[in-house]
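**Q** sequence plus the predicted model coming up.
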Amino acid sequence: MNLQALVRPNIWHLSPYSCARQEYSAGNATVFLDANESPYNPPLNRYPDPLQHRLKQAVEQIKGIPEACTFLGNGSDEAIDLVLRVFCEPGVDNVVAISPTYGMYEVCAHINNVEYRPVSLGAGFSLQSERVLAATDDHTKVIFLCSPNNPTGNTLERVEVDKLLARFSGIVVMDEAYSDFSSVRPYRLDLQAYPNLIVLNTLSKAWASAAIRLGMAFASEEIIELMNRVKYPYNISLPTQKEALAILQKEVQVKEWVQLILSERTRLMAAFARLPLCREVFPTEANFFLARVSEATKIYHYLIACGIVVRDRSRVELCADSLRITIGTPLENDALLDALRKYEA
Ligand code: PMP
């Protein structure tokens, strides 16, 4: 892979902003008169670590990826946007993605004036690597994949993903936001084999911390360095860094939550499948499932009237009359089932 040929020339040649806290890092200084901060209201008066050294060390303990190969962002949404800004020349380049999938790849592409080329999944929402490759051309810089995929819940078949990684000479983004709920080996662990791979993770799902906005991108040192150049200097606030460190200390608790969610997923899906309004429950490896029902939009509004919000995906490709249902607590899941048992078509 020729990285320079993939990167926008203005980014390749960029001299990034050097912030005060980056120029001064080690040492014994106690008087900080370098960053125009207030001397009052500690610790919030000080700018946070721009490259989040301590937090990345904690992430490495859990995820097994070295600091130099880790980017931290304001949610994984920031990483998605940065990938587009680093690699895609507006009005010239394009990106290819599976369809249906997470909506932000398309929105971010359009915000950046980058053509977005969706490629339909096949039977059982399977990845068709030949179809994806056929949608690429000389201006395709990035392919977006998501596994387990949102909103379908399934993981993408490894042989098909491997074909793309081997045959596509641009960047492959593999969004593994939901991989903590899956038994499939995550691509994060195979980064060294694929210099063109960027893996996305987040604290918003299994790590139960959507409010703090902490997403991760794992890739080669060279790719991470490019993303760090383009990000805002202090993109992760001090409160977020602190809360992220705190939740990463609770790995045992988080694993228990994941097990609870998985057992509730089994129970809820089985009960849902027995409801008269259910047509099909699709297999899932995430903390949600997609189900085809008799009349999705009507049921969606009925549930809202009961005080229960699910996601109506019926206007999404391949998802006619489908609802996406997140696994809640046992009480919440029972409330959903009770309401649906009382539903009259
Ligand atoms: N990727 C996928 C596949 C998602 O479903 C979501 C959230 N719905 C995200 C990324 C966004 O995650 P974050 O909260 O880290 O921005």
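**A** Now that the structure is in, tell me what you want to look at.
**Q** contacts, neighbours, all on C-alpha from now
**A** Will do.
**Q** now the residue sitting nearest the centre point of the chain. Nearest residue, chain neighbours left out?
**A** Central residue of the chain (C-alpha atoms, centre = their mean): residue 177, 4.2 Å from the mean position. The spatial neighbour of residue 177 that comes closest, neighbours along the chain excluded (C-alpha to C-alpha, 6 or more residues apart in numbering), is residue 201 at 4.7 Å.
**Q** for the one you found, give me the pLDDT.
**A** You'll see residue 201 listed with a pLDDT of 98.
**Q** for it, name its beta-bridge partners.
**A** Residue 201 forms beta bridges with residue 216, as assigned by DSSP bridges.
**Q** what's the burial count for it?
**A** Using other C-alpha atoms under 10 Å as the criterion, residue 201 is surrounded by 24 other residues.
**Q** distance of it from residue 63?
**A** Taking C-alpha to C-alpha, to the nearest Å as the measure, residue 201 falls 10 Å from residue 63.
**Q** for residue 78, same thing?
**A** Residue 78 is 19 Å from residue 63, by C-alpha to C-alpha.
**Q** neighbour count winner among those two?
**A** Set side by side, residue 78 and residue 63 give different neighbour counts by other C-alpha under 10 Å, the larger being at residue 78 (19 against 15).
**Q** how about the backbone phi and psi for residue 264?
**A** Note on residue 264: its backbone torsions stand at phi -70, psi -30 [degrees, to the nearest 10].
**Q** ok, it touching residue 326?
**A** No - if you go by C-alpha atoms under 8 Å, residue 264 and residue 326 don't touch, sitting 10.6 Å apart.
**Q** how about the helix or strand bottoming out on mean pLDDT in the chain: buried residues?
**A** Taking mean pLDDT, DSSP states H and E as the measure, the helix or strand of the chain with the lowest value is helix 20-23, at a mean of 77. Taking 16 or more other C-alpha atoms under 10 Å as the neighbour-count basis, helix 20-23 is seen to contain the buried residues 20, 21.
**Q** would you mind listing the buried residues in the one helix or strand residue 130 maps to?
**A** When elements are defined using DSSP states H and E, residue 130 is found to belong to helix 129-134. Of the residues in helix 129-134, those buried under the neighbour-count criterion (16+ other C-alpha under 10 Å) are 129, 132, 133.
**Q** next one: stretch 175-194
**A** 175-182, 186-188, 191, 194.
**Q** likewise for stretch 327-344?
**A** Of all the residues in stretch 327-344, those buried under the rule 16+ other C-alpha under 10 Å are 327, 328, 330, 333, 335, 336, 337, 339, 340.
**Q** same question for stretch 290-299.
**A** 290, 291, 292, 293, 294, 295, 296, 297, 299.
**Q** nearest to the ligand, of those residues?
**A** When the buried residues of stretch 290-299 are compared for distance to the ligand (C-alpha to the nearest ligand atom), residue 290 wins out at 13.1 Å.
**Q** nearest residue to the closest one other than its sequence neighbours?
**A** Once flanking residues are discounted, residue 290 sits nearest to residue 324: 4.5 Å by C-alpha to C-alpha, 6+ apart.
**Q** tell me which residues touch that neighbour, please.
**A** Shown in contact with residue 324 (C-alpha atoms under 8 Å, 6 or more residues apart in numbering): 151, 288, 289, 290, 291, 310, 311, 312, 313.
**Q** now list the buried members of those residues.
**A** Burial by neighbour count, judged by 16+ other C-alpha under 10 Å, picks out 151, 288, 289, 290, 291, 312, 313 from the contacts of residue 324.
**Q** partners of the third one in the sheet?
**A** Yep, that's residue 289 we're talking about. Legend: beta-bridge partners of residue 289 under DSSP bridges are residue 325.
**Q** was I right to think it contacts residue 273?
**A** No - using C-alpha under 8 Å as the test, residue 289 is too far from residue 273 to be in contact (11.4 Å).
**Q** find the residues that touch each one of the two.
**A** Between them, residue 289 and residue 273 have residue 281 as joint contacts when contacts are counted by C-alpha under 8 Å, 6+ apart.
**Q** point out where this structure drops to low pLDDT.
**A** Per-residue confidence of the chain (counting by pLDDT under 70) places the weak regions at 25-26.
**Q** quick check: residues of it near the ligand?
**A** Where proximity means C-alpha under 6 Å from any ligand atom, the interface of the chain facing the ligand comprises 75-77, 102, 146, 150, 175, 177, 202, 204, 210, 213-215.
**Q** try 5 Å this time
**A** When proximity is defined as C-alpha under 5 Å from any ligand atom, the chain approaches the ligand at 75, 76, 77, 202, 204, 215.
**Q** biggest separation within the residues you listed, which pair?
**A** The most widely separated members of those are 77 and 204, with 11.0 Å between them, by C-alpha to C-alpha.
**Q** who touches both of these two?
**A** Common contacts of residue 77 and residue 204, defined by C-alpha under 8 Å, 6+ apart, comprise residue 215.
**Q** just give the nearest non-adjacent residue to residue 283, would you?
**A** Here the nearest residue to residue 283 in space, its sequence neighbours aside, is residue 154; by C-alpha to C-alpha, 6+ apart that works out to 6.3 Å.
**Q** what values do phi and psi take at residue 96?
**A** Given degrees, to the nearest 10, the pair of backbone angles that residue 96 has is phi -120, psi 140.
**Q** shouldn't it be in contact with residue 140?
**A** Yes - using C-alpha under 8 Å, residue 96 makes contact with residue 140 at a distance of 7.1 Å.
**Q** now the strands for the protein?
**A** Counting by DSSP state E, the chain has strands at residues 70-73, 94-99, 115-120, 140-146, 171-175, 197-202, 215-218, 278-281, 288-293, 311-312, 322-326.
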